[in-house]
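K.L.:
Quick one, fold the following:
(one chain, ligands or ions: 3)
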Amino acid sequence: FQLTRRQTSFVPRARILSRLYSTINNDLMEDDTIFALSSGGSAAQATAVAIIRISGTQAPAILQSLTTPGTLLPKPRYAALRKLYYKEQPLDQALVLYFPGPNSFTGEDVVELHCHGSRAVVQGVLEAISDSSKLARYAEAGEFTQRAWRNGKMDVLQVEALADLLTADTNTQRLQALQQLEGKLSETYQSWREKLIAGLAHAEAVIDFGDDERFGDDDFEDPEVGRRLQQESVWGGVIDQMQSLCKEMEVQLSDQRRGELVREGVRISILGPPNAGKSSLFNVLAQRDAAIVSDTPGTTRDVLELTLNLGGVKCILQDTAGVRTETEDTIEREGMKRAFAAASQADLIVSMVDSTDYQAGINILNRVLTECIRSEEGDDDNDDDIGVSGVGSLTPESVLLVRNKYDLLSDGRTSLDPATTNDLAGIFDISCVTQEGIDHFLESLTSLVLSRVSGTEPSSSSRYPGEGALITRARHRQHARSAVDALNRFDFLSRQGTIAVDMAAEELRLAASELGRITGAVDVEDVLDKLFTDFCIGK
Ligand SMILES: Nc1nc2c(ncn2[C@@H]2O[C@H](COP(=O)(O)OP(=O)(O)OP(=O)(O)O)[C@@H](O)[C@H]2O)c(=O)[nH]1
Ligand SMILES: [K+]
Ligand SMILES: [Mg+2]
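P.N.:
Residues are numbered from 1 along each chain as shown. Ligands and ions are numbered 1, 2, ... in the order given. I've put the predicted structure just below:
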């Protein structure tokens, strides 16, 4: 199989590559019947029930080859008890289901065998399927879903949602993934795309036939009347519709990344001077000895992470190296650099101070506020060796001040610096040793996390991500953003009169294709191209 330059010029590269790919792997043809153990564990692990799935044209024949001659296929989508045989020896007594295509998960004929989950049964059945008549091969990773996608059973958004559902750790992740799997997000993007395409069709009409000339500006003595009537013309209507669509999309984009937070987890960094007790708090929240605690300042060097479930929301808690103003130790400097880098990427910061050395802690807090908090003017001069200046998207309301070692305070009080602590999310007195104040701190942290993902005030009773469409991946955000940018350019161009209609229409086309990329309705070739960019023809 050889590619010539001439061929590449008229056949999209991805298509050639995918054809090349399946030609080389003759055994990997798309219309092969595939099978796999679809329930958890592996063939080497015993479970109560194991589900083996077969998809493709040969699926019903394979089921019949496993049963005694003359046995009927089960009624579609009804479970039936069947004795399975291989080379005339009994394999198992299994519950079998038959889903004739296209009404199946993959859209092909699908057979499910619910067997007993012992090693002997599972291996025996798998062997029988692959051996008996060479009708099927083992499925590649994700191949059932890939077929479902190829057969139009789900769009790219739903494939992503399925991946999210299969890996969901928390309630909110599960609910969000289910919502996306049901197609709510797809519907939103599709309806937007349809509006854009309708607008585009009108634009084409204006290009071909011109807008209604009666409503030109010059025809009216009062320009206001002209303007109003202009708006009633087809083109004016399109402009208005696109403007309101653009607003709708901007509302979705200004969601404070709630969907992404739920999917990826809310990042919480513990930051503070050495020996404040950061690792001690990390361990208290982890409920195990996850980090080394010692009275030597500078114990923690790397950023440690663990996953917490706070109120049904996945959180990633980070313990960092102690930060101080001066150090000669290069390893400690590196640790501090990493601590700031982690904090500037965080969604919430737990700024920890030692109550018995309050001023040192407040100095660090001030530094966190200046270096990790979003600066209105954007990035300023120094990107010095330790801090990462002004790159964070944090606000002071993302910072919780925790005064630790409360047990060591004889009078039980600490002085406050109101200028610094005014806008913070909260101030907490705790002791990692006696556990005093921990419950209250944890409650407040949890409600702050919940308010982040639900987009409501921390005290609100709404506990789960808002209804409607939520952007769950950076990929969606990027395309939605580009679509909004195109619509803004459209808005500008369309107001230049009918001269720029061509250019304006082009922006609508661009916006529609950006939205199409989110659901995968456009440029499947492109997606494939991306997949195959690492695939070198010469190798
Ligand atoms: N009395 C008292 N001691 C504490 C408390 N929390 C931590 N400590 C002690 O403070 C010392 C430092 O604790 P760490 O958790 O290692 O502090 P750290 O902030 O992680 O320190 P570095 O990693 O070195 O920056 C240890 O000896 C802890 O036992 C507390 O609430 N009360
Ligand atoms: K320490
Ligand atoms: Mg530590």
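K.L.:
Run a quick neighbour tally on the closest residue in space to Leu81 that isn't next to it in sequence.
P.N.:
Among residues not flanking Leu81 along the chain, Leu95 sits closest, at 6.1 Å (C-beta to C-beta, 6 or more residues apart in numbering). Backbone N, C-alpha and C define where each C-beta goes, glycine included. Neighbourhood size, Leu95 [other C-beta atoms under 10 Å]: 15.
K.L.:
Assumed Leu95 was part of a strand.
P.N.:
Yes - checked against DSSP: H, G, I helix; E, B strand; the rest coil, Leu95 lies within a strand.
K.L.:
wait, it sits on Lys83?
P.N.:
No - Leu95 lies out of contact with Lys83 (C-beta atoms under 8 Å); the separation is 11.5 Å.
K.L.:
Could you list which residues are in contact with the residue lying closest to Phe428 once chain neighbours are set aside?
P.N.:
Once flanking residues are discounted, Phe428 sits nearest to Phe441: 4.4 Å by C-beta to C-beta, 6+ apart. Contact analysis of Phe441 by C-beta atoms under 8 Å, 6 or more residues apart in numbering lists 400, 402, 428, 430.
K.L.:
quick one, phi psi at Phe441?
P.N.:
Main-chain torsions, Phe441, degrees, to the nearest 10: phi -60, psi -50.
K.L.:
distance of it from Leu281?
P.N.:
Here Phe441 is placed at a distance of 9 Å from Leu281 (C-beta to C-beta, to the nearest Å).
K.L.:
Show me the common contact partners of the two, please.
P.N.:
In contact with both Phe441 and Leu281: 402, 430, using C-beta under 8 Å, 6+ apart.
K.L.:
quick check: mean pLDDT across stretch 472-488?
P.N.:
The average pLDDT within stretch 472-488 is 91.
K.L.:
same thing with stretch 200-214?
P.N.:
Per-residue pLDDT values across stretch 200-214 average out to 69.
K.L.:
Likewise for stretch 431-445?
P.N.:
Taken as a whole, stretch 431-445 has an average pLDDT of 95.
K.L.:
what's around the residue of the stretch 301-450 of the chain found nearest ligand 2, how many residues?
P.N.:
In the stretch 301-450 of the chain, the residue that lies nearest ligand 2 is Gly322 (6.8 Å; C-beta to the ion). Neighbourhood size, Gly322 [other C-beta under 10 Å]: 24.
K.L.:
secondary structure element for it?
P.N.:
In the assignment (DSSP states H and E), Gly322 maps to no helix and no strand.
K.L.:
do the same with Trp149
P.N.:
helix 143-150.
K.L.:
Output that helix as CSV, restricted to C-alpha atoms.
P.N.:
This file holds the C-alpha atoms of helix 143-150, laid out as CSV (Å, rounded to 0.1, in the frame of the first residue of the first chain):
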residue,chain,number,x,y,z
GLU,A,143,-14.5,-0.4,20.4
PHE,A,144,-18.1,-1.0,21.4
THR,A,145,-18.5,2.7,22.1
GLN,A,146,-16.7,3.6,18.9
ARG,A,147,-19.2,1.6,17.0
ALA,A,148,-22.1,3.2,18.8
TRP,A,149,-20.7,6.5,17.8
ARG,A,150,-20.1,5.5,14.2
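K.L.:
Could you check it and say which residues are buried?
P.N.:
143-149 (16 or more other C-beta atoms under 10 Å).
K.L.:
need the contact list for Ala291.
P.N.:
If a contact means C-beta under 8 Å, 6+ apart, then Ala291 has 279, 282-283, 300, 304, 319 as its contacts.
K.L.:
Can you check the distance spanned by stretch 305-314, start to finish?
P.N.:
When the termini of stretch 305-314 are compared using C-alpha to C-alpha, to the nearest Å, they are 13 Å apart.
K.L.:
and for that stretch, what are the contacting residues?
P.N.:
Contacts made with stretch 305-314 from outside it, assessed by C-beta under 8 Å, 6+ apart, are listed as 169-173, 261-262, 264-266, 268, 282, 285-286, 290, 315-319, 442, 445-447, 449-450, 453, 463-464.
K.L.:
mind listing what's buried in it?
P.N.:
306, 308, 310-314.
K.L.:
Same question for stretch 101-118.
P.N.:
Those would be 101, 104-117, for stretch 101-118 by 16+ other C-beta under 10 Å.
K.L.:
so where is this structure shaky, pLDDT-wise?
P.N.:
For the chain, the stretches with pLDDT under 70 are 1-30, 40-44, 132-133, 209-233, 373-393, 412-421, 457-469, 497-498, 522-539.
K.L.:
Tell me the residues of it that contact ligand 2?
P.N.:
Contact residues, the chain versus ligand 2 (C-beta under 5 Å from the ion): 275, 299.
K.L.:
for the chain, which helix is longest?
P.N.:
helix 184-209 (DSSP state H).
K.L.:
by contact count, what packs against that one?
P.N.:
Identification of packing neighbours for helix 184-209 by 3 or more C-beta pairs under 8 Å, 6 or more residues apart in numbering; DSSP states H and E yields helix 156-166, helix 234-253, helix 474-494, helix 501-519.
K.L.:
Please repeat the previous calculation with a cut-off of 10 Å.
P.N.:
helix 156-166, helix 171-181, helix 234-253, helix 474-494, helix 501-519 (3 or more C-beta pairs under 10 Å, 6 or more residues apart in numbering; DSSP states H and E).
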